[in-house]
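J.: Got a predicted model here, sequence first, then my questions.
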Amino acid sequence: MPDKNRADDKKTEPRRFINEKIVKQPMSKRMILKRAFGLLLTAALFGVVAAVTFVVSKPVAERYLVKETTKEIIPVTIPKDEPEPTTTATVPVETEPTTARETEPIEDVLNSMMEQYPFDIDDLNTIYSSLRTVVLKADKGIVTVHSVKTQTDWFNNPVENTDLYAGAIIASANDELLVLTPEGAVEDAEAIKVAFSDGTEVQGTIKQTDKLSGMAVVSVPMVDLGRALLDETEVIELGNSYSVKQGDLIVAIGSPTGMVHSTGYSFISFITKNVQITDGMTRILYTDMNSNAATGTFLMNTSGQIIGWVTDEYKNDNNINMTAAMAISDYKSILVKMFNGLPYPYFGIKGQEVSAVMNEQGMPLGVYIVDINNDSPAYNAGIQCGDIIIAMDEEQIVTMKDFQVKLEAAVPGDIINVLVSRNGRDEYKEIEYQVTIGAR
């Protein structure tokens, strides 16, 4: 009989398991190099991915994030032009006796020379080849301004109307292109779109308008344009209209035929000087060229510089086919304000200087008010036609330039003390007014 106690001891004895310790095999040099190579490859891959992600995301970040940071705005400036002296001193020069040929009228000499020279079509092409080069270059600075307006049809359905105007890129500053265009292009517009010569269309914003000159400046951000388009685009330089002479060859760009990017050639027929305009004086350039003031026509000299823009306000009543253009030099101070988004100060008079002859007859020196605009700052202050402005804020006013310099330094909303001389029954009496400067 088996021993019962021994059997019980076997039941209670704990079972023993074999404990094994796994020892990691030491890495060989080959395995170490393999792991190091894999680590470097992974790091390089992550670097490439990070670089690609940065390049792709940078333009988006610049567009939406960089704009929030403050950036120094550099004021746009335009060098002013000075009118040429009206009289020049002549110095007598001794001359040698002239021959009979030299005493012939110049017209006869020219006609004789032209008859002797056999002109052909190649000569004509040579004459106009340089002009074509000027036109092609300037046309790269012409854009189409879309004025988008929403109206309703007969059934009250919304209809989007788009009017097309020509604009000239005349400045580039602070990462934006500044486009000069007729004021009608932005008037009551719900949106403004600017189309470039390659078909690229971007959103534009109104920088400033001037209702008196009928022009506006539209801003186009450069960030919305590709580098290739920016390199192709031309900024058209502003010329000196004081140097323009009767008979000068000129070029029309913009929309002279009513279609943007059209062009034309002609000559300056005549120039009227000292034309009275609101708060200043100007020159009007006349030509027999076809033009369209409503859609925007700009006149250039043969150097490719803008010397004026076409207007319907000063058309010649004796010849309705003549084209009138505002001279650019008389508006550069206004354009500077518009370029920087500032309104030009408004007084509201048309005046002329009191001449020496008028002063000898008893009129005080100053600016004689020929006309005054209704509801203008000067009108609302009580100034009248026939008054002579002799001082502004205690600074003497003798010439029209004195008046313009003082007005240009003012800011809309400023109150200026204006001293005028008014003709009474027996003598001129001085009256002081306070004029609140407005905006054009």
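T.: Structure's in. What do you need? Numbers count the residues shown, from 1 in each chain.
J.: and residue 355, how many residues sit next to it?
T.: Burial of residue 355, expressed as a neighbour count using other C-beta atoms under 10 Å, amounts to 12. For the C-beta atoms, the positions are set from N, CA and C on the backbone; glycine is no exception.
J.: go on, the one 5 residues further on?
T.: Using other C-beta under 10 Å, residue 360 has 8 other residues around it.
J.: With residue 201 instead?
T.: Burial of residue 201, expressed as a neighbour count using other C-beta under 10 Å, amounts to 13.
J.: how about it, what does it touch?
T.: Contacts for residue 201 (C-beta atoms under 8 Å, 6 or more residues apart in numbering) come out as 146, 193, 194, 195.
J.: Tell me which of the residues you listed fall in strands.
T.: Taking DSSP state E, the ones among the contacts of residue 201 that sit in strands are 146, 193, 194, 195.
J.: Which of these ranks first by neighbour count?
T.: Ranking those using other C-beta under 10 Å puts residue 194 first, with 25 neighbours.
J.: which element is the closest residue to residue 289 other than its chain neighbours on?
T.: Spatial nearest neighbour of residue 289, chain neighbours left out: residue 266 (3.6 Å); criterion: C-beta to C-beta, 6 or more residues apart in numbering. Under the criterion of DSSP states H and E, residue 266 resides in strand 264-277.
J.: Against residue 234, how distant is residue 140?
T.: Noted for residue 140: a distance of 4 Å to residue 234, by C-beta to C-beta, to the nearest Å.
J.: Same check on residue 199?
T.: In this structure, residue 199 and residue 234 are separated by 17 Å, where distance is defined by C-beta to C-beta.
J.: Give me the below-cutoff pLDDT ranges for the stretch 51-200 of the chain.
T.: Across the stretch 51-200 of the chain, residues meeting the criterion (pLDDT under 70) sit at 51-71, 85-119, 153, 159-161.
J.: where along it do the strands fall?
T.: 142-152, 158-173, 176-182, 191-195 (DSSP state E, counting those that start in this stretch).
J.: Relative to residue 435, which of the ones you listed is closest?
T.: Across the strands of the stretch 51-200 of the chain, residue 435 has its closest neighbour in strand 176-182 (29.7 Å, C-beta to C-beta).
J.: Direction included, what does that closest one pair up with?
T.: As defined by DSSP bridges, the strand partners of strand 176-182 come to strand 158-173 (antiparallel), strand 215-221 (antiparallel).
J.: What lies in contact with stretch 203-218?
T.: Outside of stretch 203-218, the residues that reach it under the criterion C-beta under 8 Å, 6+ apart are 145, 167, 178-187, 191-194, 219-220, 224, 277-278, 309, 311, 313, 326, 331, 334-335, 337-339, 341-344, 346, 440.
J.: Buried residues in it, which are they?
T.: Neighbour counts using 16 or more other C-beta atoms under 10 Å place 204, 206-210, 212-218 of stretch 203-218 among the buried residues.
J.: same question for that stretch, mean pLDDT?
T.: Within the predicted structure, the mean pLDDT of stretch 203-218 is 95.
J.: Roughly how far does residue 431 sit from residue 424?
T.: Here residue 431 is placed at a distance of 10 Å from residue 424 (C-beta to C-beta).
J.: More neighbours: the two, which one.
T.: Neighbours per residue, other C-beta under 10 Å: of residue 431 and residue 424, the larger number sits with residue 431, 14 against 8.
J.: you'd agree the more buried one is up against residue 417?
T.: No. Counting by C-beta atoms under 8 Å, no contact exists between residue 431 and residue 417, whose distance comes to 11.2 Å.
J.: roughly how far apart are residue 236 and residue 340?
T.: As for residue 236, its distance to residue 340 is 19 Å (criterion: C-beta to C-beta).
J.: so which strand or helix has residue 285?
T.: With DSSP H and E as the test, residue 285 turns up in strand 280-287.
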